[in-house]
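Student: Generate coordinates for the sequence data below:
(one chain, ligands or ions: 2)
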Amino acid sequence: MTGTLITVAATGAEADKAQAPALPITLEELTKTAVRCQEAGAAVIHVHIRDDEARPTLDVSRLKDTVAALRASTDLIIQLSTGGAVTDPFDARLAVLGARPDACSLTCGTVNFGDDVFANPWGFIKDLYQLTKERGVVPEFELFDFGHIATLHRLLHEYGPPSGGHVHCDLVMGVPGGMPGDAATLVAAVRALPGGATWSATGIGRTTLPVMFAALAAGGHLRVGMEDTLTFAKGRPVTGNEELVQRAADLADLAQRPPMTSAEARQFLGVSPSGRR
Ligand code: KMH
Ligand code: ZN
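Tutor: Numbers count the residues shown, from 1 in each chain. Ligands and ions are numbered 1, 2, ... in the order given. Sure thing, here's the model as predicted:
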């Protein structure tokens, strides 16, 4: 059994800074968060950025600055979101790879997303996948529902293995419109994954804890962070991403699968050695 890969999804595109003051939205807030999360046990940071008005943006020059700042201050694997916000056009989502991250998210299908639709048609998925291979960016396959797993099989069958050679997935559970965040669904989803794939899981909102316990019990890895939950316990807002990472790291220790270091995670995921200077 390996250690536990812990990813922090620190910001997301949906939460409002006014309602969640601990949400990191400036570059300074994000780098401070990243340092603290690495100390607490994270090995990967899943990154969404905001503009000067705190709105989500995919501006490539800002993304480049973000990648450089995170590389200068941490050893974390930098995984840029190509999902962005539900309003982002496909060309802007493809252009994210121009910021030269270590890794990126790649969602394997369209899903209802609360009152919105998170659109990921086949044509976009295959174009993004081919671009990750051309640019040497390691994709993490985001799976919000069972149909996304079928599309992942098709993608690998038609276009071959990803950059880095290893398939790692993230089950994003409990999104209103996606698969529910419970143990039975997690086990069924894991059974349907391609042979040899590894996986993390995250549960949105109140499904955070059931999904985390189920993932550890089933031998998976963990994603946590303020993109996915703003509440640490009933009635108690999250005070910072690091406390979510610390809780995941404590549970991983308890499960006798301690958090992977970034160096271990690079080897595990097939990400090339740190670009830190
Ligand atoms: N913000 C969601 C619409 C990703 O980062 O790749 C999509 C999302 C997935 O967060
Ligand atoms: Zn995201």
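
Student: what's the residue lying farthest from the centre of the chain sitting at in phi/psi?
Tutor: For the chain, the largest distance from the centre (Cα atoms, centre = their mean) belongs to Gly235, which lies 25.5 Å off. Dihedral pair for Gly235: phi 80, psi 10, per degrees, to the nearest 10.

Student: Which pLDDT value goes with it?
Tutor: The model reports Gly235 with a pLDDT of 95.

Student: I'd like to know how far it sits from ligand 1.
Tutor: According to Cβ to the nearest ligand atom, to the nearest Å, Gly235 stands 26 Å off from ligand 1. Bear in mind the C-beta positions are built from the backbone N, C-alpha and C, glycine included.

Student: repeat for Asp116
Tutor: 8 Å.

Student: List the contacts of that residue.
Tutor: Contacts for Asp116 were tallied using Cβ atoms under 8 Å, 6 or more residues apart in numbering; they are Val86.

Student: That one bridge partners, please.
Tutor: Under the criterion DSSP bridges, Asp116 forms beta bridges with Phe113.

Student: What distance do you get for Asp75 to Ala249?
Tutor: Using Cβ to Cβ, to the nearest Å, Asp75 is found at 16 Å from Ala249.

Student: Which of these two has more residues huddled nearby?
Tutor: For Asp75 versus Ala249, the count of surrounding residues by other Cβ atoms under 10 Å is larger for Ala249: 22 against 18.

Student: For the more buried one, what is the enclosing helix or strand?
Tutor: Using DSSP states H and E, the element containing Ala249 is helix 241-254.

Student: Let me know the next secondary structure element after that helix.
Tutor: Trace forward from helix 241-254 with DSSP H and E and the next one is helix 262-269.

Student: List the residues that contact the residue of the stretch 101-250 of the chain found nearest ligand 1.
Tutor: Nearest residue of the stretch 101-250 of the chain to ligand 1 (Cβ to the nearest ligand atom) works out as Ser105 at 3.3 Å. With contact set as Cβ under 8 Å, 6+ apart, Ser105 has these partners: His46, Gln79, Leu80, Ser81, Thr82, Gly83, Pro139, Glu140, Glu142, Asp170.

Student: and it, bridged to which residues?
Tutor: Taking DSSP bridges as the rule, Ser105 bridges to Glu140.

Student: How far does stretch 79-90 stretch from one end to the other?
Tutor: Start to finish, the residues bounding stretch 79-90 are 18 Å apart (Cα to Cα, to the nearest Å).

Student: Is it positioned near ligand 1?
Tutor: Yes - contact of stretch 79-90 with ligand 1 (Cβ under 6 Å from any ligand atom) involves Ser81, Thr82, Gly83, Ala85, Val86.

Student: Quick check: residues of the stretch 1-150 of the chain near ligand 1?
Tutor: Along the stretch 1-150 of the chain, the residues adjacent to ligand 1 under the rule Cβ under 6 Å from any ligand atom are 12-14, 81-83, 85-86, 105, 107, 113, 118, 142.
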